[in-house]
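A.B. asks: Got a predicted model here, sequence first, then my questions.
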Amino acid sequence: MKLFPQSFLFLIIVCMATALHGQKTLMMEKRGSMKVKRSYEGDEITYRIKGEKEWKTSIIVQLIPEDNIIVLDKLYVRLEDIDAFKRDRKRNRAIAYSNQLYVFGTAWTAYTAIDDLVISKRETDWEAAAYVGGTSFVVGSLLRLWPKTKTLKFGKKRRLRILDLTPVAAPVPKV
């Protein structure tokens, strides 16, 4: 009885593996680094054409690896004509640190007030508490101003290429 769900799951996995389709990927590589940033058909990219100053945002409709062409919403762009990309930064860590600094500043000030009002018989140093609480709020606010985008310029250190992962059918031997 237990064999049925396992064999059914195995059958589904085998059928899905045979129906996988290849895909085309726009890869941004940095020399000397194993990390690669990828974009796929349907992704939105912000780019700048060589010789122009304004940034354009479009959706990748199709990637043509044979001719190194990206088909966007309204135009075709050759890879050689792209000067730079803008990518969103992952700001999760900066926002988490900012929140922790806000909590720390609030807790420091609250514990100082509780100590002064309830527990302590000595005089409280409110100036030091204000410095610690204020500094944590200022640094937390500065962390929230961290840049939201990163500019990737292509040239000697970075390159842009299209990788086609579409499976090629093997020729059938004649008998």
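C.D. replies: In hand now; what should we look at? Numbers count the residues shown, from 1 in each chain.
A.B. asks: I'd assumed residue 27 was in contact with residue 36.
C.D. replies: Yes - with contact defined as CB atoms under 8 Å, residue 36 reaches residue 27; the gap is 5.2 Å. To be clear about C-beta, it is placed using only N, CA and C from the backbone, and glycine gets the same treatment.
A.B. asks: now the farthest one out in this protein, which residue is it?
C.D. replies: residue 121 (52.7 Å; CA atoms, centre = their mean).
A.B. asks: buried set for stretch 141-161?
C.D. replies: For stretch 141-161, a neighbour-count test (16 or more other CB atoms under 10 Å) marks 143, 152, 154, 158, 160 as buried.
A.B. asks: Identify the farthest-apart pair in those residues.
C.D. replies: Using CB to CB, those span at most 31.5 Å, a distance reached by 143 and 160.
A.B. asks: I'd assumed residue 101 was in contact with residue 139.
C.D. replies: Yes - Residue 139 is in contact with residue 101 according to CB under 8 Å; the separation is 5.6 Å.
A.B. asks: average pLDDT for stretch 41-61?
C.D. replies: The average pLDDT within stretch 41-61 is 88.
A.B. asks: Now it: buried residues?
C.D. replies: 45, 47, 48, 49, 58, 60.
A.B. asks: of residue 139 and residue 101, who's got more company?
C.D. replies: residue 101 (20 against 15; other CB atoms under 10 Å).
A.B. asks: right, and the more buried one touches residue 140 too?
C.D. replies: Yes - assessed by CB under 8 Å, residue 101 is found in contact with residue 140 at 3.5 Å.
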